[in-house]
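J.: Attaching a predicted model along with its sequence, questions to come.
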Amino acid sequence: MPIQAVVWDVDDTLFDYTSADRAGMRLHLAAEGLLDAYDSVEQAIVRWREITDVQWARFSAGEVSFEGQRRDRVRVFLGEELGDAEADAWFQRYIAHYETVWSLFPDVLPALDALAASHRHAVLSNSSIHVQDRKLRALGVYDRFEAVLCAAELGVSKPEAGAFHAACAALELAPHQVAYVGDHPEIDGRGAAEAGLLSVWIDRDGAYTGDDAPTPGDGRPHRIASLAELPALLGADTRFGAPSTFG
């Protein structure tokens with residue numbers, strides 16, 4: 001049976017999270033007077049991202065709440081035992097700078113337009129509804145999706161099969177009728193494939209080396225370098241995009 005729906009990751013798939021996070025943090029550090037504590041802006045940003053990855057892993061493992069991982073990111077980054085209100089206020093000041101530089105990747109709207117008539121669409125993110133609802137509305141694409149599901153509310157996060165199956169259930173489709181598109185080869189790519197979905201890894205940074213080309217049925221994702229390749233991969237009746245050479 002052909003693919004009937006596409007479920008999308010948000011950060012670094014639809015939304016250019018990495019660029020926004022770096023630019024927003026650069027603005028925030030300058031406003032907070034923290035740049036002198038580091039040899040360079042880049043060093044400070046790398047430190048922030050390292051802390052973010054560690055605290056997000058704790059959240060994914062169920063060791064801390066979504067709000068708790070945010071607060072702990074601030075505490076570790078500043079090296080201070082801040083109270084919850086203080087940590088929340090610092091993070092909200094960061095968010096205010098971060099939101100000023102939000103943008104979609106340029107291939108997103110053309111891909112959504114090309115697939116609008118042929119496929120249904122939903123979102124599955126390892127974030128929270130509060131965050132992603134606001135983001136999708138601000139970016140002007142919220143109404144493109146039938147459902148928006150997030151780990152904080154689901155109680156299960158990618159790469160667990162239950163997260164992907166929840167998205168399929170929301171669409172009332174079987175996993176083999178659904179494609180998942182995400183930027184992380186393991187959390188998104190392998191997770192979706194092992195859950196039985198058609199898994200598509202968007203590798204904009206060129207991390208793919210060519211030595212392990214995906215093969216249908218081997219539990220690995222199909223790799224594309226641009227969303228322009230997605231309609232052809234899904235077999236959509238559209239002239240947008242070019243055939244994928246992977247999978």
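T.: In hand now; what should we look at?
J.: what packs against the helix or strand hosting Ala114?
T.: For Ala114, the host element (DSSP states H and E) is helix 108-115. Contacting helix 108-115 under the criterion 3 or more Cβ pairs under 8 Å, 6 or more residues apart in numbering; DSSP states H and E are the following elements: helix 230-234. In this view, the C-beta of every residue, glycine as well, is placed from N, C-alpha and C.
J.: how distant is stretch 63-76 from the center of its chain?
T.: Distance of stretch 63-76 from the chain centroid (Cα atoms, centre = their mean, to the nearest Å) equals 19 Å.
J.: got the contact list for it?
T.: The contact list for stretch 63-76, computed with Cβ atoms under 8 Å, 6 or more residues apart in numbering, reads 48, 51-52, 54-56, 58-59, 81-82, 84, 87-88, 90-91, 127-128, 152.
J.: again with stretch 162-177
T.: By Cβ under 8 Å, 6+ apart, the residues outside stretch 162-177 that reach it are 1-5, 7, 120, 122, 124, 126, 146-147, 149, 151, 154, 156-158, 178, 180, 191-192, 195-198.
J.: Same check on stretch 193-210?
T.: By Cβ under 8 Å, 6+ apart, stretch 193-210 touches 3, 7, 12-13, 105, 159, 161, 163-165, 168, 174-176, 178-185, 188-192, 219-227, 230, 233-234.
J.: Give the rounded mean pLDDT of that stretch.
T.: When pLDDT is averaged over stretch 193-210, the result is 85.
J.: Report the buried residues of it.
T.: Using 16 or more other Cβ atoms under 10 Å as the burial criterion, the residues of stretch 193-210 that qualify are 193, 195-204, 208.
J.: Reformat those residues into a markdown table and put distance to Val41 next to each item.
T.: What follows is these, written out as a markdown table (distance: Cβ to Cβ, whole Å):
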| residue | distance to Val41 |
| --- | --- |
| Ala193 | 38 |
| Ala195 | 39 |
| Gly196 | 43 |
| Leu197 | 39 |
| Leu198 | 40 |
| Ser199 | 36 |
| Val200 | 34 |
| Trp201 | 30 |
| Ile202 | 27 |
| Asp203 | 27 |
| Arg204 | 23 |
| Tyr208 | 29 |
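J.: Can you say which two of the residues you listed are spatially most distant?
T.: Greatest spatial distance among those (Cβ to Cβ): Gly196 and Arg204, at 25.5 Å.
J.: low pLDDT regions in this structure?
T.: 1, 207-219, 236-247 (pLDDT under 70).
J.: how close does the most far-flung residue of it relative to its centre get to Arg144?
T.: Counting by Cα atoms, centre = their mean, the extreme residue of the chain relative to its mean C-alpha position is Asp36, 31.5 Å from that point. Remark: distance between Asp36 and Arg144 (Cβ to Cβ, to the nearest Å) = 43 Å.
J.: same thing with Leu82?
T.: The value you get for Leu82 to Arg144, if Cβ to Cβ is used, is 38 Å.
J.: Could you do Ser127 as well?
T.: Separation of Ser127 from Arg144 (Cβ to Cβ): 17 Å.
J.: What of Asp84?
T.: Asp84 is 35 Å from Arg144, where distance means Cβ to Cβ.
J.: Which of these two has more residues huddled nearby?
T.: Shown here are Asp84 and Arg144; by other Cβ atoms under 10 Å, Arg144 has more neighbours (19 against 11).
J.: Could you tell me which residues make contact with that one?
T.: Residues near Arg144 by Cβ under 8 Å, 6+ apart: 112, 116, 121.
J.: Same question for Glu186.
T.: For Glu186, the contact set (Cβ under 8 Å, 6+ apart) comprises Pro159.
J.: For it, give its distance to Glu42.
T.: Glu186 is 26 Å from Glu42, by Cβ to Cβ.
J.: who touches stretch 122-136?
T.: Outside stretch 122-136, the residues that touch it by Cβ under 8 Å, 6+ apart are 5-11, 15, 56, 60, 66, 102, 142, 145-153, 157-158, 163-164, 166-167, 170-171, 180, 187.
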